[in-house]
Each structure stands twice: as C-alpha cells, then as structure tokens.
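> sequence and predicted structure below; questions after.
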Amino acid sequence: MPAQKQIRVRFAPSPTGELHIGNARTALFNWLFARKEEGVFVLRIEDTDVERSDRCYEDVVLNGLKWLGLDWDEGPDIGGPHSPYRQSERLSLYDHYLGILMDKGFVYPCYCNDEELKAEREIMLAQGLPPRYQGRCRHLTNKERRRLEAEGRRPAMRFKVAEELVEVDDLIHGSVVFDTTLFGDFIIVRSSGIPAYNFAVVIDDALMQVSHVIRGEDHLSNTPRQILLYQALGFDIPKFAHHALLLGPDRTKLSKRHGVTSVEAFRQKGYVPEALVNYMAWLGGGFRGEKEILDKEEIIDQFDLKHAGKNAPVFDEKKLHWMNTRHLRRLPPEKLLEYWFDLTEGEGRGEEELLLKIVPEVIGNLETLDQLRGLVEIFSKNEITFSEEAQDVLQAEPARKVLSAFRDVVESVDNYCPGDQYREFIKRVQTLSGCKGRTLFMTMRAALTGKTQGPELEKIITHLDKKTILLRIEQALRTYNHDPLHL
C-alpha cells in the first residue's frame, strides 16, 4: 500500500485591500486542517492583478494573519521548497506550461475584443441562454490570425473545452456535476500576457503539491475548469472542500455595507485574536457539544472539515462581542497588556508595573480592549472626567451630604488603608450622611470614577490613595455647586 500523501493546504490572498473577515475564516479553516493533520500550511500571494495589487496590502494581510496567530510553514517572507510564493515572480512557470498546452493542441488564440464579447453575451441572455463564448476564434486559419494581428489585435489564449460532464467530489458538498456546455472555452492567459486566475492557480497548486484546496463556495464554479486543466497537464487533482460564505444580518454576502468587515477594523475596536478566531471557527466549524468558548488547541481538536457547514452562517457582532468579553477575562494580565500596547502603539508602557496591578481589578468590567483606557484612568489620574449620568447623580439633592461625609471620614483617617476595614469605612459615611443604599454607593462611585458603572467600589477605594480620593471629592463638590468642571 503506497504511503499516504502529506497534507498540504494553502491560503492564497490577493493583496488588493485589507484582510476581510471572510477570507480570514478561509485561512483559519486551512490552518486548522493543517495543524490537526500535522500537515503543511502554505501562504501564497496571488498578485497578478497588476492594477489593484499593492505590496502594502500584502503587509496588511501578513500582519493580520500573524495577529490572529495563524502561522505558516512556507511563504513569501520565509521561503520554502517551492519558492517563489508570489505569482508575479512565477510568470516564467506559467509561460512554460502554456507552451505545453499549445503543443498538445489544448489552446488557441482569441482576438475578440471586450465590445464583441459583451455583445455576444447580451445576445445569448436575450435568447434565454447562459452566456458563454461561442468559439468564434477556435477555427481561424493562420491567414485570418495574421490579418487580425495586423489590425493591432493582441490575442488572449483560450482553453478548448470538450462537451462533457465534469464531476467535483467535494468534501463538504458531496458530488457536484457540471456541464461544460454551460461555460465553454475559457481564457487562461489574457491579451496582456498575464495568466488568468484558473490557469495560475492550477500551476501553483500542482507545483506546490497542494493536497487539499479549502476555499469559499463562490469558487465552486471555477473548479470544473481547473479540473480540466489538471487533466490536460497530467497533474494530480487535489481534493476540494468549498465552505459556505459568511452572511450579513440581511442574509446577503457579508460586505462593507454591513459595517466592520476587516480583521484590522475588529482589532481597532478592541477585540482580541482569541475571540475572533473562536468566533470564526464556531461559524460553521462543525464543532461538537455545547461548549462555545474554546482555546486554540480545543478548536484544532474539534475541527472537522467534512462538517464545516453547507449552510451559510450569519455574522453576528453581538455574539462576537459576548465571546470577546469571555476571552478577555481568561487572559493573563501580561497578555492583555501586550494586546493593549499593540493597540495603542505603546500607550502606558512606562507604567507597566502599575498597570499589572490595575488590570486584575478591572478585567471583569471589560467587554472590549479599548475600554481599558477609561478603567485605567480611574486608578492612574488625580482628576477625572464626569459622564452626563455621573453629573446627574452628583447634582441630585442627597449628593452633597454623601460627599461631605465621605470627605470628613477620609480626612479623619491618619493612616489611610481602608482595604481591611472597608465595611466599617462605608458604615461611618452612611451614619454621618444619613444616606444609604443606591444613593450612598452611586454617589461615591460617581465622585471617584466619573461614571455610574465600573469596578466594585471596594476595589476602587482600596487602590486609591488618600490624596487622590480627596481631590476627586472636591472636584465632585464643585460639580454639585455647578461651578465649571476642572478637567
């Protein structure tokens, strides 16, 4: 029995924009499959769209994958046995295999221009027929070709398609049969000399020994064309798996009109990679059981390509938000701060020792990483900014009694350290002010934090020194008296 072929998968983005969440999910599925099967994950850059491709977008894609923790075994930045890993650097390979197809009689030059092809499509649509190339240039004589070239026409190269049925044995969708008469002869090299997608991807996947092609189901219709090219060139055909695409709330393909859709935009909103990976995998990852919050090792263990969702899942940011809250609370303070410094380009790095003490106190109140700034300010600044809700609390009638009593109790303590005597401390403020319950606690919270929600009051009072507390009480009293805020 021959040895089993090594699992090799690839993610092949085009560097024409930011890393879309749908493409990141495709990368994740490939990465999970490779790691579970102890295979190889290849990163290839498909940059033959000369007008739209930009090396800066390549950096954006690579940085997004790195942030998500999706490492690759071969790629443009680290090389590998099948270099180069940018299509723009592989043009001579495509020329070589085009020559082989020409020698075998599988291709022919097509001189039709865009206007002629558009008119042909419109005629077929008007007749209720699927638009396909009718083979106008398939049987041109050499004389006719020379005449067209003399007119200045530069030919594209088309692949000759026989009338047959092509079966795709998809690992997710099962057997899917395509009738070649519905798409006809297709272009494999444009008139510019740049290879078309279906041709380049076949050459690359074959030479890079890709065993499984895992991609979105929008590529399923390309697969029969690619199978024909594999057969014509004598290449082994990889296994295919086309997963369902992400949908927006209106159940149309997820796009910018649905709001944030790029990995970088989610990072900027304060989501952590553990949550985004967990959520992307959970959307059609074929997981078993009811547990939803999973770390990367659990996701790898449970990932099942064959159950990776035929039905398109709806991307729900509220669900992602919920997962982010749970993952934030699982992070060690050091890791959370690492993400924070990355998000803020180093903000607060000089106060890392203080932040390591503060983070455990506020982490239970975080939903997104960007909220950390406001919570850290509670413990790190002398004076604060009051929210409208906090000002309403401080300007209510009982607030002055609470604030005055609070100030008197703090001033009366010589060695201020209320942590061990918090209950007694609160009881003294309550007795002196004559206020209790929500009125008492909300007023103290609003004065100390400038907000009506946040960390537990005991944590706040315990971690603020006497001087800071008195400064904030005085600031709150000025607010109560309607004096201009000292911000």
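Done, it's in.
> low-confidence ranges, the stretch 51-200 of the chain, go.
The model of the stretch 51-200 of the chain has no residue with pLDDT under 70.
> now do the helices in it.
55-68, 91-103, 114-126, 142-150, 197-207 (DSSP state H, counting those that start in this stretch).
> just checking, what packs against the second one?
Right, helix 91-103. Helix 91-103 sits against strand 156-159, strand 186-189, helix 197-207, helix 223-233, with contacts defined as 3 or more C-beta pairs under 8 Å, 6 or more residues apart in numbering; DSSP states H and E. Every residue, glycine included, has its C-beta placed from N, CA and C.
> which residues are contacting the third one?
So that's helix 197-207. With contacts defined as C-beta atoms under 8 Å, 6 or more residues apart in numbering, helix 197-207 is touched by 10, 12, 44, 46, 48, 82, 87, 90, 93-94, 97-98, 159, 186, 188-189, 195, 210, 213, 222, 225-226, 229-230, 233, 235-236, 238.
> in which helix or strand does the closest residue to A281 other than its chain neighbours reside?
Ranked by C-beta to C-beta, 6 or more residues apart in numbering and with sequence neighbours excluded, the top spatial neighbour of A281 is I299, at 4.9 Å. Per DSSP states H and E, I299 falls inside helix 296-302.
> packing partners for that helix?
helix 21-36, helix 273-282.
> can you rerun that using 6 Å?
helix 21-36 (3 or more C-beta pairs under 6 Å, 6 or more residues apart in numbering; DSSP states H and E).
> all strands of the protein, in order?
8-11, 40-43, 107-110, 156-159, 165-170, 174-179, 186-189, 212-216, 239-243 (DSSP state E).
> in its sheet, what does the first one sit against?
Just to be clear, that refers to strand 8-11. Using DSSP bridges, the strands paired with strand 8-11 are strand 40-43 (parallel).
> just the CA trace of the partner strand, in CSV.
The C-alpha coordinates for strand 40-43 follow below in CSV (Å, rounded to 0.1, in the frame of the first residue of the first chain):
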residue,chain,number,x,y,z
VAL,A,40,1.9,22.0,5.9
PHE,A,41,0.2,25.4,5.7
VAL,A,42,1.4,27.4,2.7
LEU,A,43,0.9,31.2,2.2
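> how far does it sit from its chain's centre?
Relative to its chain's centre, strand 40-43 lies at 18 Å (C-alpha atoms, centre = their mean, to the nearest Å).
> what do you get for stretch 83-95?
28 Å.
> span of that stretch from start to end?
Stretch 83-95 stretches 17 Å from its first residue to its last (C-alpha to C-alpha, to the nearest Å).
> which residues touch that stretch?
For stretch 83-95, contacts defined as C-beta atoms under 6 Å, 6 or more residues apart in numbering pick out 44-48, 75-76, 195, 200, 203.
> ok, the residues you listed vs G22, which is closest?
E46 (15.9 Å; C-beta to C-beta).
> now do the same contact list for the closest one.
Shown in contact with E46 (C-beta under 6 Å, 6+ apart): 12, 14, 87.
> count of neighbours near the second one?
A count of nearby residues for S14, using other C-beta atoms under 10 Å, gives 18.
> kindly report the same for the first one.
Around A12 sit 24 other residues, with neighbours defined as other C-beta under 10 Å.
> how much space between the closest residue to it other than its chain neighbours and F29?
In space, A12 comes closest to R44 once its chain neighbours are excluded; the distance is 4.3 Å by C-beta to C-beta, 6+ apart. Distance from R44 to F29, counting by C-beta to C-beta, to the nearest Å: 16 Å.
> equivalent analysis for G364, please.
From G364 across to F29, the span is 33 Å (C-beta to C-beta).
> which one of the two has more residues nearby?
Ranked by neighbour count (other C-beta under 10 Å), G364 and F29 place F29 first, with 26 against 12.
> buried ones in stretch 387-399, by neighbour count?
Neighbour-count burial for stretch 387-399 flags 387, 390-391, 393-394, 399 (criterion: 16 or more other C-beta atoms under 10 Å).
> average pLDDT for that stretch?
Stretch 387-399 shows a mean pLDDT of 90.
> before we move on, what about stretch 413-428?
Stretch 413-428 comes out at a mean pLDDT of 75.
> again, but for stretch 362-377
Mean per-residue pLDDT for stretch 362-377: 88.
> ok, and for that stretch, which residues are buried?
362-363, 365-366, 368-369, 372, 374-377.
> likewise for stretch 424-432?
By neighbour count on 16+ other C-beta under 10 Å, the buried set for stretch 424-432 is 425-426, 428-430, 432.
> for the residues you listed, which one is nearest G105?
Checking the buried residues of stretch 424-432 against G105 by C-beta to C-beta gives I426 as the nearest, at 90.5 Å.
> grab the nearest non-local neighbour of that closest one.
L440 (7.6 Å).
> got the end-to-end distance for stretch 157-177?
This stretch, stretch 157-177, spans 26 Å end to end (C-alpha to C-alpha).
> can you list contacts of that stretch?
Contacts of stretch 157-177 (C-beta under 6 Å, 6+ apart): 106-108, 110, 178-181, 184-189, 223-224, 227, 239-242, 306, 308.
> just the buried ones from those residues?
With burial judged by 16+ other C-beta under 10 Å, the buried subset of the contacts of stretch 157-177 is 106-108, 110, 178, 180, 184-189, 223-224, 227, 240-242, 308.
> okay, now the domains of the chain?
Domain assignment for the chain by automatic domain parsing gives 90-243, 268-377, 382-480.
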